[in-house]
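Participant: Sharing a model prediction with you, sequence too.
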Amino acid sequence: MEKPVGRTLESEDGLVRLRLLDIDHDVAVATAWYRDEVVLWGSEGTTELFTPERVARMYQVLSARGEVYIVEVRDRDAFVAVGDAALSPVGVPIVIGESAWRGRGIGRRVLALLIRRARALGYPELMAHQIYADNQASLRLYERAGFKIIGGGEEHGRPFFRLRLDLREAPTPATGSPPALL
Ligand SMILES: CC(C)(COP(=O)(O)OP(=O)(O)OC[C@H]1O[C@@H](n2cnc3c(N)ncnc32)[C@H](O)[C@@H]1OP(=O)(O)O)[C@@H](O)C(=O)NCCC(=O)NCCS
């Protein structure tokens, strides 16, 4: 089980935690993530750099729909902010903004924590509402967690998929195994 530590959710192995967003404090560090072309291309579908104001607006919209978290990773003795994630009935977007931390099992832990949180909140299902077909890491992440493609579309000339996880059927994922890739 994830361990709620105050207002955080922590993976079983203690390597990743989700801390509730504090907009005033977090926008400054998050703006750098939304100036990274892999993040912009993968999550927004464009390469237009975000301003701090736009990041704040995005967080306000996500906060109005559900919960927004800063993803933190244990790096030696301290937790460092590496990205963000949100949970709402219409989506569960995850961004690992620090490139050095991508592909190291963090997204998998974050998604597992959010699935558990959604269950605790009584959600019947989760949606990944727009995953670009060429975003292999993202598709793999959601499909490995049990999400199924239920539709799709096209934006900015790029095809995307819509995926759904039925929380009444899906098993509860481990948040810290298989062993750390970190
Ligand atoms: C997509 C993203 C959230 C995945 O998080 P991550 O921590 O990098 O992913 P993980 O290391 O947990 O890996 C998840 C799965 O994707 C696979 N994967 C990771 N990076 C990959 C890559 N570049 N290409 C193909 N597969 C990849 C992993 O092997 C793993 O699959 P497995 O469980 O079968 O081994 C992260 O890469 C990211 O933030 N990308 C930029 C923004 C974005 O596209 N966000 C998603 C849109 S909502």
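Facilitator: In hand now; what should we look at?
Participant: tell me what the helix or strand containing Ala86 is packed against?
Facilitator: Using DSSP states H and E, Ala86 sits within strand 78-87. If contacts are counted by 3 or more C-beta pairs under 8 Å, 6 or more residues apart in numbering; DSSP states H and E, strand 78-87 sits against helix 23-33, helix 52-65, strand 67-75, strand 94-96, helix 106-120. Heads up, the C-betas are built off the backbone N, CA and C, glycines and all.
Participant: buried set for it?
Facilitator: Buried residues in strand 78-87, defined by neighbour count with 16 or more other C-beta atoms under 10 Å: Phe79, Ala81, Val82, Gly83, Asp84, Ala85, Ala86, Leu87.
Participant: what pLDDT does the fifth one get?
Facilitator: Right, the one you point to is Asp84. pLDDT, Asp84: 98.
Participant: residues in contact with the strand holding Ala86?
Facilitator: 17-18, 21, 26, 29-30, 33, 59, 62, 65-73, 92-98, 101, 106, 110, 114, 117-118, 121 (C-beta atoms under 8 Å, 6 or more residues apart in numbering).
Participant: Mind giving me the PyMOL select for those residues, buried ones only?
Facilitator: Only the buried entries of the contacts of strand 78-87 go into this PyMOL selection, using 16+ other C-beta under 10 Å:
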select buried, resi 17+18+21+26+29+30+33+59+62+66+67+68+69+70+71+72+73+92+93+94+95+96+97+98+101+106+110+114+117+118
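Participant: just checking: which of the contacts of strand 78-87 also lie near the ligand?
Facilitator: Pro93, Ile94, Val95, Ile96, Ile106 (C-beta under 6 Å from any ligand atom).
Participant: Could you dump the residues you listed into a markdown table and include distance to Leu49 and pLDDT?
Facilitator: Putting those into a markdown table (distance: C-beta to C-beta, whole Å; pLDDT from 0 to 100) gives the following:
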| residue | distance to Leu49 | pLDDT |
| --- | --- | --- |
| Pro93 | 18 | 98 |
| Ile94 | 20 | 98 |
| Val95 | 15 | 98 |
| Ile96 | 18 | 98 |
| Ile106 | 23 | 97 |
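Participant: Can you name the two of the residues you listed that sit furthest apart?
Facilitator: Pro93 and Ile106 (14.4 Å; C-beta to C-beta).
Participant: Determine the number of other residues adjacent to Val27.
Facilitator: Neighbouring residues of Val27 were enumerated by other C-beta atoms under 10 Å; the total is 21.
Participant: By mean pLDDT, flag the weakest helix or strand of the chain.
Facilitator: When the helices and strands of the chain are compared on mean pLDDT, DSSP states H and E, strand 3-5 comes out lowest with a mean of 45.
Participant: after that one comes which helix or strand?
Facilitator: Counting by DSSP H and E, what follows strand 3-5 is strand 8-10.
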